[in-house]
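Asks: Here is the input, now give the coordinates:
(one chain, ligands or ions: 1)
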Amino acid sequence: MYAITGITGKVGGSVARTLLAADQPVRAVVRDGGKARAWAEQGCEVALAEMEDGDALAAAFKDTDGVFVLPPSEFDPAPGFPEARAVIAAVATALEEARPRRIVCLSTIGAQATETNLLTQRTLMEQALSALTVPVTFLRPAWFMENFAWDVVSARDHGIIASFLRPLDKPVPMVATADIGRIAARLIQEDRLGSNVVELEAARRITPNQAADTFARILGRPVHAEAVPRETWEGLFKSQGMKYPGPRIRMLDGFNEGWIEFENGEAGSTKGDIVLETVLRELIKGAA
Ligand SMILES: NC(=O)c1ccc[n+]([C@@H]2O[C@H](COP(=O)([O-])OP(=O)(O)OC[C@H]3O[C@@H](n4cnc5c(N)ncnc54)[C@H](OP(=O)(O)O)[C@@H]3O)[C@@H](O)[C@H]2O)c1
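Replies: Just a heads-up that it's a prediction; the model follows:
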């Protein structure tokens, strides 16, 4: 039995679909019972748990061969990352109690960076779970291709994608969430010792200009990338409701300045199969 958290989202859903397609038993760990129906109809067991509830997670992780941990995103963390720390404490307690045979935890590119930024939330998760006595694999994916969902309307209606990634001709490691799910499903079925890191990106790195060209090809209209000036970010993020934009800004700086990178570099990363055009076609179809 494989317990999958985040199953109603992109990556967790992809992990579960891959396991189900291989006739493996799946337990859907959800916080909203209503959202579990579709998974129950596909033969999944269902367990209710918030990621901050150690007791509920321990019950959800009991009697499993593997647990997939998806830490929820928090783009606007309070100082000291209390939201991530609450999840980390609950997940660590639950894993120590349930002692599944294998754990795959979704982490991120740049989790090894020493400078504080948004991804520090995953650095803290890796530190806590590495200390467990149960083997754990940290899957560190690149920038999600699905992040371009935010640009579909602007590309389609105005021919512009606004880019925080810059310069516009700098290749960025990216990956499709379906590739992450497929690799996570493979890792959760493999026995490994101790803690491991697997870094994952698509076969080719992508520049913002190339992403705009891909939009243009699919939409059949000119599309170009425009860099959002660095000095406007803080005001922009605050106008969008963020209270603490600093960690997000430093994360973007880290990608642009190159200190958010894979620990083992491009040569050392596992490569996915899915190309950006496939993901953008789906995003554009979904927005229509
Ligand atoms: N975006 C990127 O470029 C990038 C790159 C590297 C790593 N990551 C990592 O990817 C992860 C996000 O994955 P995703 O895009 O698949 O997420 P997603 O589609 O936003 O789905 C999030 C999932 O987590 C569940 N969830 C959220 N808060 C929860 C809580 N408090 N208790 C229980 N369940 C909760 C959601 O359940 P509901 O359906 O009930 O909301 C949903 O199933 C984050 O850990 C992020 O750090 C992202």
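Asks: Can you give me the neighbour number for residue 259?
Replies: 14 (other C-beta atoms under 10 Å). (Each C-beta comes from the backbone N, C-alpha and C, glycine too.)
Asks: Check residue 200 too.
Replies: If you count neighbours by other C-beta under 10 Å, residue 200 ends up with 22.
Asks: Tell me who's in contact with the closest residue to residue 47 other than its chain neighbours.
Replies: The spatial neighbour of residue 47 that comes closest, neighbours along the chain excluded (C-beta to C-beta, 6 or more residues apart in numbering), is residue 60 at 3.6 Å. Residues counted as contacts of residue 60 (C-beta atoms under 8 Å, 6 or more residues apart in numbering) are 3, 5, 27, 29, 47, 48, 49, 94.
Asks: could you list every residue that touches whichever residue of the stretch 151-288 of the chain sits closest to the ligand?
Replies: With C-beta to the nearest ligand atom as the measure, residue 177 is the residue of the stretch 151-288 of the chain nearest to the ligand, at 5.9 Å. Residue 177 makes contact with 10, 11, 14, 144, 145, 146, according to C-beta under 8 Å, 6+ apart.
Asks: same thing with residue 72?
Replies: Residues in contact with residue 72 (C-beta under 8 Å, 6+ apart) are 6, 51, 87.
Asks: got it, and residue 65?
Replies: Contacts of residue 65 by C-beta under 8 Å, 6+ apart are 1, 2, 100, 101, 102, 188, 189.
Asks: so the third one sits right up against residue 61, yeah?
Replies: Yes. Contact between residue 100 and residue 61 holds when scored by C-beta atoms under 8 Å: they sit 5.6 Å apart.
Asks: which residues do these two both contact?
Replies: Shared contacts of residue 100 and residue 61 (C-beta under 8 Å, 6+ apart): 3, 67.
Asks: Counting neighbours, what do you get for residue 211?
Replies: Residue 211 has 25 nearby residues by other C-beta under 10 Å.
Asks: Test my guess that residue 135 contacts residue 190.
Replies: No. Residue 135 lies out of contact with residue 190 (C-beta under 8 Å); the separation is 10.0 Å.
Asks: okay, and the common contacts of those two?
Replies: Joint contacts of residue 135 and residue 190 (C-beta under 8 Å, 6+ apart) are residue 102.
Asks: So which of the two has more stuff around it?
Replies: residue 135 (15 against 11).
Asks: Quick check: residues of this protein near the ligand?
Replies: 6-12, 31-32, 35, 50-52, 70-73, 106, 108, 122, 141, 143-144, 147, 177 (C-beta under 6 Å from any ligand atom).
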